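Trainee: Quick one: sequence plus predicted model below, questions after.
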Amino acid sequence: MRRSSLSVLRWISLILIFVAVLLTGTQLVSFSRVRSSFPPGMIIAGVPVGGLTHQQAADRLLQAYSVPVELHYGDAVIHVNPATVGFELDLQGMLAAADLQRITQPFWTSYWDYLWNRLPTPTELPLRARISEERLRSYLKDEIAARYDQPPSPPLPIAGTVNFQRGDPGTTLDIERAVIQIEDALHSPTSRVIRLSFSSANPPRPTMQNLEILLRQIVDVSGFDGLTEIYLLDLQTSQELSFAYQRGESITPGIAFTSASLTKIPVMVSVYRRTPEPTLPMIVDMIELMIERSENDPADRLMQRVLDRNLGPLEMTEDLRALGFENTFMAGYFYPGAPLLRRFQTPANQRTDVNTNPDDYNQTTAIEMGMLMEDIYHCAENGGGSLVAVFPGAISREECQAMLDVLTRNRIGVLIQAGLPEGTRVSNKHGWTVGFEGYMKSLGDAGVVYSPGGHYVQVIFMHHPVQLIFDPVNRLVANLAHATYNYFNISSE
């Protein structure tokens, strides 16, 4: 009985030992499998890799970070392969760091913790990657901006009017912001859709060439068959427009015209050059009569009193020569019967291709009159320009401003002034001539226009060999001035 009981107990013990060994072996196999993969809950670079082998984790990381980044630029959708912009994962570095977390204890200690279900809590590992910012910037510049930026379109002249059709705004990619946005997307396994930032580019001002086209169209539509010459100077950029036009044909600009009362502008310059400051009230009064009322007698008295009693006009002409003006002169006083002091031959009045029969007493060109107005403007604005350089210490900034102020008070409401919005400041002088037959044949207006979109000089001369009829010519000059004003102010309307 005792032997039998011992035998049974022995077998039971053996069976229990076998079962324990079997269970231990099974758990060892299971633990070995778990130990050969990443522990549950492990995250590398935002990607869960728990329970995966090295190769499986590497594949999953590559899959997550190889997804193209989706760019939205306006209506365009662009998919960018990360490798295209130089993005590379440091797989080996990240997996090695994960291994260090996975194998932190000796085998049997880890096995004992496994048996008691004491699983480790892994720490999330950050992304390790390289990106070529140079390649990214080049891609944005050469592939995105070059293809998808929308350049603004300039306004275009509307045929038959004094207006311009508005241009369309454009877009310009914000490359600096895009670099940050794309780098952030490349470093995320999930947020890989970007709406690119861009700036809006306003339409540029029309080109000077477009303005010239519009001005020529205005002359054509008016039906004027005489000669027109226009000079325009942008006082901000120093861009010039200079052309002469008759019956649809271009003529080389720089034509000699009778300057008439426009001559009073250089008279004023010469007077201020020779008078000390403060200017005597009597001189100021005569200048105002000469400019505001366009009276000839004050002009003669100013030249006689300040320049030279007998040769005042020639003294004024010498001042113009010193400034580099070879086509503008005055060869005699205004009063009837005044002697011709000298006969001037200039490049402009010696041309054989065009002839306006300019007065032997006073002549100019649109270009030179415009340049003189520019000189006065720059002298008044910043104390610079040719007047100050050629006559140092003789003409002050305050005197130049006084010249522009008196020209501003020359309010006649016709010609250039008639084409400008009410309240626009313009410092200008007009003039015209009447032939022996009693017909007006030449007309000119020159001034500085102060507009919200920029200050500019405009000079317009017109000539007809038979007769200039004032009303239609006045409307034509006003339309030319209006179109020019629109050119400078279309973006601010």
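Mentor: Thanks, I have the structure now. Residues are numbered from 1 along each chain as shown.

Trainee: For Gly86, which non-adjacent residue is closest in space?
Mentor: Among residues not flanking Gly86 along the chain, Ser132 sits closest, at 2.8 Å (CB to CB, 6 or more residues apart in numbering). The C-beta positions use only the backbone N, C-alpha and C, and glycine is treated the same way.

Trainee: Quick one: neighbours of the one you found, just the number.
Mentor: 13 (other CB atoms under 10 Å).

Trainee: tell me the contacts of it?
Mentor: By CB atoms under 8 Å, 6 or more residues apart in numbering, Ser132 lies in contact with 85-87.

Trainee: hmm, 10 Å instead?
Mentor: 85-88, 138-139 (CB atoms under 10 Å, 6 or more residues apart in numbering).

Trainee: Do a quick rundown of the strands in the stretch 351-493 of the chain.
Mentor: Along the stretch 351-493 of the chain, counting by DSSP state E, counting those that start in this stretch, strands occupy 362-364, 425-434, 440-451, 454-463.

Trainee: Ok, which of the ones you listed comes nearest Gly93?
Mentor: Taking CB to CB, strand 454-463 is the member of these nearest to Gly93, at 59.7 Å.

Trainee: roughly how far apart are Gly385 and Gly51?
Mentor: Going from Gly385 to Gly51 by CB to CB, to the nearest Å gives 83 Å.

Trainee: Could you do Tyr73 as well?
Mentor: Going from Tyr73 to Gly51 by CB to CB gives 41 Å.

Trainee: And for Ala380?
Mentor: Ala380 is 84 Å from Gly51, by CB to CB.

Trainee: ok, these two, which is more surrounded?
Mentor: Ala380 (23 against 15).

Trainee: what's the distance between that one and Tyr456?
Mentor: Taken as CB to CB, the span from Ala380 to Tyr456 is 15 Å.

Trainee: my read is Gln236 is in a helix, agree?
Mentor: No - Gln236 is assigned coil when assessed by DSSP: H, G, I helix; E, B strand; the rest coil, not a helix.

Trainee: Any idea how many residues pack against the nearest residue to it once chain neighbours are set aside?
Mentor: Closest residue in space to Gln236, ignoring its immediate chain neighbours: Gly454 at 5.0 Å, by CB to CB, 6+ apart. Residues near Gly454, counting by other CB under 10 Å, number 16.

Trainee: Gly454 against Ile490, yeah?
Mentor: No - between Gly454 and Ile490 there is no contact under CB atoms under 10 Å: 11.2 Å.

Trainee: List the residues that contact the residue nearest to Ala394 when sequence neighbours are not counted.
Mentor: Sequence neighbours aside, Arg273 is the residue nearest to Ala394 in space, at 4.8 Å (criterion: CB to CB, 6+ apart). For Arg273, the contact set (CB under 10 Å, 6+ apart) comprises 306-307, 315-316, 319, 322, 387, 390-391, 394-395, 399.

Trainee: Would you mind finding the most buried of the strands of the stretch 351-493 of the chain?
Mentor: With neighbours defined as mean count of other CB atoms under 10 Å, these peak in mean count at strand 362-364, which reaches a mean of 28.

Trainee: Please name the bridge partners of the closest residue to Thr263 other than its chain neighbours.
Mentor: Distances taken as CB to CB, 6+ apart place Asn362 nearest to Thr263, at 4.5 Å, with adjacent residues excluded. Taking DSSP bridges as the rule, Asn362 bridges to Met330.

Trainee: buried stuff in stretch 87-99?
Mentor: For stretch 87-99, a neighbour-count test (16 or more other CB atoms under 10 Å) marks 87, 89, 91, 94-95, 97-98 as buried.

Trainee: oh, I was asking about stretch 218-228
Mentor: Applying 16+ other CB under 10 Å to stretch 218-228 flags 218-219, 222, 224, 226-228 as buried.

Trainee: Pick out the most distant pair among those residues.
Mentor: Taking CB to CB, no two of the buried residues of stretch 218-228 sit farther apart than Ile218 and Leu227, at 15.1 Å.

Trainee: Return the set of residues that bridge with Gln165.
Mentor: With DSSP bridges as the criterion, Gln165 is bridged to Leu156.

Trainee: returning to what we had before: same list (the contacts of Ser132) but as a markdown table, adding secondary structure, pLDDT and distance to Leu241.
Mentor: Conversion of the contacts of Ser132 to a markdown table gives the following (DSSP: H, G, I helix; E, B strand; the rest coil; pLDDT from 0 to 100; distance: CB to CB, whole Å):
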| residue | secondary structure | pLDDT | distance to Leu241 |
| --- | --- | --- | --- |
| Val85 | helix | 91 | 46 |
| Gly86 | coil | 90 | 49 |
| Phe87 | coil | 92 | 52 |
| Glu88 | strand | 92 | 56 |
| Ser138 | helix | 93 | 40 |
| Tyr139 | helix | 92 | 42 |
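
Trainee: before we move on, the earlier item: I'd like the list of the buried residues of stretch 218-228 that fall within helices, please.
Mentor: The helices, defined by DSSP state H, take in 218-219, 222 from the buried residues of stretch 218-228.

Trainee: Out of those residues, which is nearest to Ala481?
Mentor: Proximity of these to Ala481 (CB to CB) peaks at Ile218, which lies at 10.2 Å.

Trainee: Now do the contacts for the nearest residue to that closest one once chain neighbours are set aside.
Mentor: With sequence-adjacent residues excluded and distances taken as CB to CB, 6+ apart, Ile218 is closest to Asn479, at 5.1 Å. Counting by CB under 10 Å, 6+ apart, Asn479 makes contact with 161-162, 214-215, 218-219, 221-222, 418-419.

Trainee: contacting residues for the nearest residue to Glu183 once chain neighbours are set aside?
Mentor: Setting aside the residues directly before and after it, Glu183 is nearest to Ile131 in space (CB to CB, 6+ apart), at 6.2 Å. Listed by CB under 10 Å, 6+ apart, the contact set of Ile131 reads 82, 85-88, 179, 182-183, 186-187.

Trainee: Mind putting those into TSV with distance to Ile376?
Mentor: Below are the contacts of Ile131 laid out as TSV (distance: CB to CB, whole Å):
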residue	distance to Ile376
Pro82	63
Val85	57
Gly86	59
Phe87	62
Glu88	66
Val179	50
Ile182	55
Glu183	56
Leu186	61
His187	62
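
Trainee: Narrow the residues you listed to just the buried residues.
Mentor: Applying 16+ other CB under 10 Å to the contacts of Ile131, the neighbour count classes 82, 85-87, 179, 182-183, 186-187 as buried.

Trainee: Can you pick out the most distant pair from those?
Mentor: Longest span within these, CB to CB: Pro82 and Val179, 14.3 Å.

Trainee: Buried residues of stretch 226-243, list them for me.
Mentor: Result for stretch 226-243 [16+ other CB under 10 Å]: buried residues 226-235, 241-243.

Trainee: Start and end of that stretch, how far apart?
Mentor: Start-to-end span of stretch 226-243 (CA to CA, to the nearest Å) is 14 Å.

Trainee: start at 17 instead
Mentor: New numbering, starting at 17: the last item is stretch 242-259.

Trainee: and that stretch, average pLDDT?
Mentor: Stretch 242-259 carries an average pLDDT of 97.

Trainee: if we can go back for a sec, looking at the buried residues of stretch 242-259, spot the one nearest Pro219.
Mentor: Asp250 (17.2 Å).
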